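J.: Build the 3D model from these lines:
(2 chains)
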Amino acid sequence: MTFLPMLHATMLTLAELPTFINQHLGWILFALIFLIGLAFGAKDFARFSGRRIWAISGVCFDESIRRRVLWITPLAILGVIVVSQLQRPLDEQDAIRQTTKFCLFATGLIVTITTIILACTNLPREIDNRVIFTVVTKPTTRLEIVIGKLLGFVKVSLLILIIMGVFSWGYLRIRAWNFGREIAQRLESNSVPATSISTLRYYNQAGLLNAKTLETPDNVQVYAHVPAPGESRRYLFGGDGNFNVGFDISPDWIAEQGVDPATTPLVVVAQVGYIKRKKGQDVAPAPAPAVKPFAAATQASAGPASRPYYGPFIMSPEERARVMSGFKPVEVPTVSIDVMDATFYSAGNVTPIPPLKTFEMGDPNELTELRGTIDPKVAKNLKGRYYLRVNGGSADAEYFVDLNRTPSPIMLFLPVPAGPAAPGQPPQIALKPIPPIADPLDPSKPMGPIFKTREGNFGMQLRGGSERSSTAIFQFRNASFSADGDTAPFELRGGVERSGDDTPAAEAEQPTRVAVRVQNRTSGMMSDEIIVQPESNRTLLFELPAKALQGGNFDVLVRCLTLGDYLGVSPKSLVLITARQPFALNLAKSLLILWLMTVLVTAVAIFTSTFLSWPIAVVLTLVILLGHWGVDQLGDALAPGIGNQVVTDFGLKSPAKAEAVRATVEKLSYFLNFISTVLPDINKYPAVEDIERGISIPAAKMIDALAVTLGFGVPLVLLAYVFLKNKEVAP
Amino acid sequence: MNRGAGRIGIIIVLIVSLALAGATRDWAEHLRRSNNDQFTDDASASSLANMNSFALALLLGGLRGPLVMVLWTQSESLKNERNLEDFDTYVEWIRLLQPEFDTVHIFQVWNKAYNISVQMASLSNKYITILDAIDYARRVLAERPNDINMIYGIASIYFDKLGNSAEKSYYKQRVRSESLPHPSKQRLAKNDPGWRRLELDPMLDVHGNILPELLKPKYSRPANIAADSDWNDGSELQYLKQYQPLPYGLSTFALAYNYHKQAQVLQTVAHLHHANLSELVVDSRPALALKGWSEDEWELARRIELKAFNITAPAGDERGPLELPTADLAPDTPFSDRAAIEQAIFSYDLAARVSGDAIKEYERHLRNYTTNFTTYQSHLDSMRSQRPLLEADRDYLKAMLAPAGEARQKLLAAAAKEYRDAAGLNLDIIMHYYMSDDIATRLLPKGVTRSETGKLSIEDKLKIFFTMKAIIAQRGFDADAEDRGEYERYIQRCDERVKRIEGKAITSALMPATTRAAATAPTH
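T.: Below you'll find the predicted structure:
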């Protein structure tokens, strides 16, 4: 069998592996290799000597030093200094961020390249020049040789990391000290843009080099009005706002109910009210609303259920008469209901139960029950987490739900057979509720509705000004925060979009103004409003009274004040800085992650060098290390269906050729995806992203890195041992 | 022994190659300079400025190309994601790694001034980003002096972005005030990595004279250039020298003119060509910039005049509505701010002078590119008609400041004559461009075409104008109303002012006072 057909056959075989094996292939291979290693090397494991390993590692280390590998560090240091002089940062903190990135990038680059070259060339060279004779002829096992060399190169990389780490720390300290003085000077001379004043004040006080621990909000709600204490109504603006209730939909459960998902719609019942507020009118205390029955509501507001057909663009005689006589009809507010997937993308919509064509509201200031169905074509595809979204349709109305009366204002039902059908009658149907998702803080209760507004370029848009301006409420629950002063620092990063039309000329020249308050959920204390001036998509630091944060249960209320501006926010737009660590500790964590990566790189390099010449070993090492990342970069290009796309792009007309190409491309993409699952993921070594942003690297990331190093490193070392054991290295 | 000899051979070959590379580079430079004469003969300065590029290229060796590819992709991704934290650094590296590619620099200047500035929310940060685009062009110019693409790029930012964008009121005011002496907000040195531009550097001293360092010539005039030919002496604001002192600051259009003129002279005299634009475009821009400058000074003067007489300026940033609120001010109207009137007089005078220079620039351009005659004929006519109007407004204000007596009467008489001239010229424009063919055939005397109405007396012109308006009113449809309205406003201003000076309006001989205002009132 020639190579290509053999490869094709292998690809097909691998592609046809059962799903379970595909999904757990990494672990299966790990176990297999471990067992093979044990089986081959039981004797060598018994003779395992730490002293001999240490001696071999010492030889490797000394030889590397003799090869002047450390000379690369001054070069890298010079490069970092030159490049950091050519940066064009946004401000002093950005300069430190960029310099940190350069330092760690250079460190990672040189330590990886050095390790690959040293580890890939060592064994082939020793075999080539027969130096290995002096080792293998002694009572050392091949396992000890492999582990000794791994340890030796790991020691070299550790030394490089220490040198670069010390330089990075020192260089960043000097730059931070310099920039700190400049910040002080700029603040003193009032030469700071309004959008940066509070941020630079924070850095002036806290310093530029530190590692923040951040607390993100548990949830964000965007209401038309901040609810008063004890108030059960939650308002949203028509035209902009919506609320969402989540459901976990299981096709298996639906099948168990004895219905055919392909033909069964899902029934939706929502209870929503509305009011029409005059300009400047405050929110009136809500009277206890009675749920207006669905039938009565529709009878009162919807008019006749059907109308004669007047053609697509022709008015009814009644409408024409009204228009001609100057009559202005009172518009009944409407809502629409959509099905959203877990990421809040539309998956379909809910249609009113005929004869109604729209969801029309009943009397104002009362809840109206709205009923609709999800078409079976949509419903049959629902699997997992979905949200039902009610959109306020009329811009002149404010819609509300009442959480006292309807903790979950949207309900979802599955119609199931209720009994045998009477002769000549349709089958009896009962509505079986699908429960909404549970509140993560109290699983015995349903999770409340999530209030949102229209999405813009930067997330949910908070309209500026005093009319129809929504408030985003960032809800922090059980936040671990210990106040060590009177104030607590927060970071806000939102996008500003300017409509330009409504903005008065005087305001247009000013930065966008945003009001922030904090309300303690336990004590009810509400802080004074502070005004911050964010720039679009830049981090703004500001402080709120620490007293209002006591207990860890609090809401931060954010409102855009500038007419004509929209502040775009997402749940991660506002974070609380709960603690600060020394930068040196964070740098050490970052270097530890880099070191764990070099351990893996060394293991891969030694493994490849046991059966390949060194140039090929270098290439294969890079392929193994970058394979997973490369497949990730291809992204959608490897998604199912790519075969059809290639056929279309190539314009293949012959069905046989088209099918051959389609099938081959599909298998190839499947094969690449499959291969990537058994290659290490270097994205699991995030040494730069947190530290450059001044965020403390969490332990979980280091554990992830350790897991990848051990998960791939141990099998590779064992494989290297097996290969070396079976290799003729000495006569 | 053989191995040692081999090594020595390699070293010799390397040294010879390096020397040869140096020699060929020098030769190439010499060829380049000899082709472009003095305009590229600034190698010493550019070599120093090039150090960063050389250092980076040296550091990267053969990886320069791949790195640039990565940087381009990443910078564009950052722009699309609206994450600008690393953007400026990447763009700067691209500049340093591709110093010889003009199209790269043209793109990045435009990219920063337009695509990036628009991502800022506050006007102040937008303005700073636009200034950063100018700085980028200047950094390229430091490495490659007399780069026509960058000089044109700077001019274009001053003209199109700062002078004509939606936020122009804010930008124009900042440029004007920052061109005047002011303490720098920056405490850091410009070469410090933490330095960032927050404002323009001052360009004028306390007397309004351009700072000497901005007028310091770099080149002596070559002998082979004709005596009447323009040429760039290498000073930064060479073409504004003739207008100093400018005690009320520089218009963004003045700066645009300065750089557009430099680019045009580089094209005409040094035969350098813009990478993307035709010669016709580059050649036409000085005239357009002068027109913009003249109109900008005109608008400023109108606003100051309103302020001096405590009249609220109409809303908006257009010049048109500013014409009439002060039109009926009597010469003896009391004013609150003498300094403001002096500033308005200065601006009217400068605007009139610049209008005259714009006419010369248009004429020069049209001599070279006759195909543009149709396009710019209306510009020329506008400049010709606005000049006497601005001179009249200047003299009218001067008369208001002057004590009663002969001097004042002389100024008023001069103003009245200029208003009449302006009214006549604006009537010419209306008859030339905004009179339909059938009405022109009906109303113009035999042997007089639309472009020859200058031959007619003002009374004849007015007769034709009022008859035309009556015909249009009868028809009930007026396609040119909006465009013609601008010139009708000027005529009405002239009419009102002449009435204040002489006691009777220009139009009074033709119609009763009650209907006069309605007849001359702009349709829009």
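J.: Tell me which residues touch B:Leu427, please.
T.: B:453, B:458, B:461-462, B:464-465, B:487, B:491 (Cβ atoms under 8 Å, 6 or more residues apart in numbering or on different chains). (Glycine included, C-beta is placed from N, CA and C.)
J.: now, which of these sits nearest chain A?
T.: B:Tyr487 (27.8 Å; Cβ to the nearest Cβ).
J.: before we move on, the earlier item: which one (most neighbours) among the contacts of B:Leu427?
T.: Most neighbours among the contacts of B:Leu427, by other Cβ atoms under 10 Å in any protein chain shown: B:Ile491, with 29 neighbours.
J.: To which secondary structure element is that one assigned?
T.: For B:Ile491, the host element (DSSP states H and E) is helix B:481-502.
J.: next one: A:Ala705
T.: Counting by DSSP H and E, A:Ala705 is found in helix A:699-725.
J.: Equivalent analysis for B:Thr441, please.
T.: B:Thr441 belongs to helix B:437-443, assigned by DSSP H and E.
J.: After that helix, which helix or strand is next?
T.: Downstream of helix B:437-443, the first helix or strand assigned by DSSP H and E is helix B:458-475.
J.: Would you indicate which residues of that next one are buried?
T.: Across helix B:458-475, burial judged by 16 or more other Cβ atoms under 10 Å in any protein chain shown covers B:458, B:460-462, B:464-466, B:468-469, B:472.
J.: circling back to that earlier point, avg pLDDT for the helix holding B:Ile491?
T.: Throughout helix B:481-502, pLDDT has a mean value of 91.
J.: which other helices and strands contact that helix?
T.: Packed against helix B:481-502 by the contact rule (3 or more Cβ pairs under 8 Å, 6 or more residues apart in numbering or on different chains; DSSP states H and E) you find helix B:373-401, helix B:406-433, helix B:513-520.
J.: For that helix, C-alpha coordinates in CSV please.
T.: Taking C-alpha atoms only, helix B:481-502 is exported to CSV below (Å, rounded to 0.1, in the frame of the first residue of the first chain):
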residue,chain,number,x,y,z
ALA,B,481,-34.6,79.2,-4.7
GLU,B,482,-32.2,77.7,-2.2
ASP,B,483,-29.0,78.4,-4.1
ARG,B,484,-30.1,81.8,-5.2
GLY,B,485,-31.1,82.7,-1.6
GLU,B,486,-27.5,83.1,-0.6
TYR,B,487,-26.8,85.8,-3.1
GLU,B,488,-30.2,87.5,-2.4
ARG,B,489,-29.1,87.8,1.2
TYR,B,490,-25.9,89.6,0.2
ILE,B,491,-27.9,92.0,-2.0
GLN,B,492,-30.3,92.7,0.8
ARG,B,493,-27.5,93.4,3.2
CYS,B,494,-25.9,95.8,0.6
ASP,B,495,-29.3,97.4,0.1
GLU,B,496,-29.9,97.9,3.8
ARG,B,497,-26.5,99.3,4.4
VAL,B,498,-26.7,101.8,1.5
LYS,B,499,-30.0,102.9,2.8
ARG,B,500,-28.4,103.6,6.3
ILE,B,501,-25.5,105.5,4.6
GLU,B,502,-27.4,107.5,1.9
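J.: Could you check it and say which residues are buried?
T.: For helix B:481-502, by 16+ other Cβ under 10 Å, it's B:484-501.
J.: can you check stretch A:448-458 too?
T.: Of the residues in stretch A:448-458, A:448-454, A:456, A:458 count as buried by neighbour count, 16+ other Cβ under 10 Å.
J.: what residues are up against A:Tyr202?
T.: A:489, A:541-543.
J.: pLDDT score for it?
T.: 87.
J.: Show me what counts as buried in the host helix or strand of it.
T.: Using DSSP H and E, A:Tyr202 falls within helix A:197-206. Going by neighbour count (16+ other Cβ under 10 Å), the buried part of helix A:197-206 is A:197-204.
J.: Then stretch A:377-394?
T.: Buried residues in stretch A:377-394, counted by 16+ other Cβ under 10 Å: A:378-380, A:382, A:386-394.
J.: just stretch A:411-424 next, same as before
T.: Buried, per 16+ other Cβ under 10 Å, within stretch A:411-424: A:411-415.
J.: Contacts for that stretch next, please.
T.: For stretch A:411-424, the external contacting residues (Cβ under 8 Å, 6+ apart) are A:247, A:254, A:257-259, A:264-270, A:388, A:427-434, A:436.
J.: Would you list the buried entries among the residues you listed?
T.: Buried positions within the contacts of stretch A:411-424, assessed by neighbour count (16+ other Cβ under 10 Å), are A:247, A:254, A:259, A:264-270, A:388, A:429, A:432, A:434, A:436.
J.: now, which of these sits nearest A:Pro407?
T.: A:Pro436 (8.9 Å; Cβ to Cβ).
J.: Contacts only, for the closest one.
T.: A:245-247, A:408, A:410-412, A:446-447.
J.: For B:Lys360, see how far away it is.
T.: 78 Å (Cβ to Cβ, to the nearest Å).
J.: List the contacts of B:Glu295.
T.: Contacts of B:Glu295 (Cβ under 8 Å, 6+ apart): B:253, B:319, B:351, B:386.
J.: From these, which land in helices?
T.: Secondary structure assignment by DSSP state H places B:253, B:351, B:386 of these in helices.
J.: helices or strands next to the helix or strand harbouring A:Ala605 in the packing?
T.: Secondary structure from DSSP H and E places A:Ala605 in helix A:583-609. Contacts defined by 3+ Cβ pairs under 8 Å, 6+ apart place helix A:583-609 against helix A:92-128, helix A:142-188, strand A:210-215, helix A:614-634, helix A:689-692, helix A:699-725.
J.: Which one of these lies nearest to A:Gly524?
T.: Nearest of those (Cβ to Cβ): strand A:210-215, 21.1 Å.
J.: need the next SSE after the helix or strand where B:Ala263 lies, C-terminal direction.
T.: Per DSSP H and E: B:Ala263 is located in helix B:252-268. Going down the chain from helix B:252-268, the next helix or strand is helix B:279-308, by DSSP H and E.
J.: now that following helix and helix B:252-268, what's the angle there?
T.: 160 degrees (axes from the mean of the first three to the mean of the last three Cα atoms, to 10 degrees).
J.: Name the nearest of the contacts of B:Leu427 relative to B:Gln267.
T.: B:Tyr487 (34.1 Å).
J.: wait, isn't the closest one in contact with B:Tyr434?
T.: Yes: using Cβ atoms under 8 Å, B:Tyr487 is in contact with B:Tyr434, at 7.5 Å.
J.: Show me just the buried residues among the contacts of A:Tyr202.
T.: A:489, A:541-543.
J.: just curious, which of those residues is nearest to A:Ala617?
T.: Nearest to A:Ala617 among the buried ones among the contacts of A:Tyr202, with distances taken as Cβ to Cβ, is A:Leu541, at 49.0 Å.
J.: Next one, pLDDT for the closest one please.
T.: Listed pLDDT for A:Leu541 reads 91.
J.: distance of the residue nearest to A:Asn242 when sequence neighbours are not counted from chain B?
T.: Of all residues not flanking A:Asn242 in the chain, A:Asn391 sits nearest, at 4.5 Å (Cβ to Cβ, 6 or more residues apart in numbering or on different chains). Separation of A:Asn391 from chain B (Cβ to the nearest Cβ, to the nearest Å): 26 Å.
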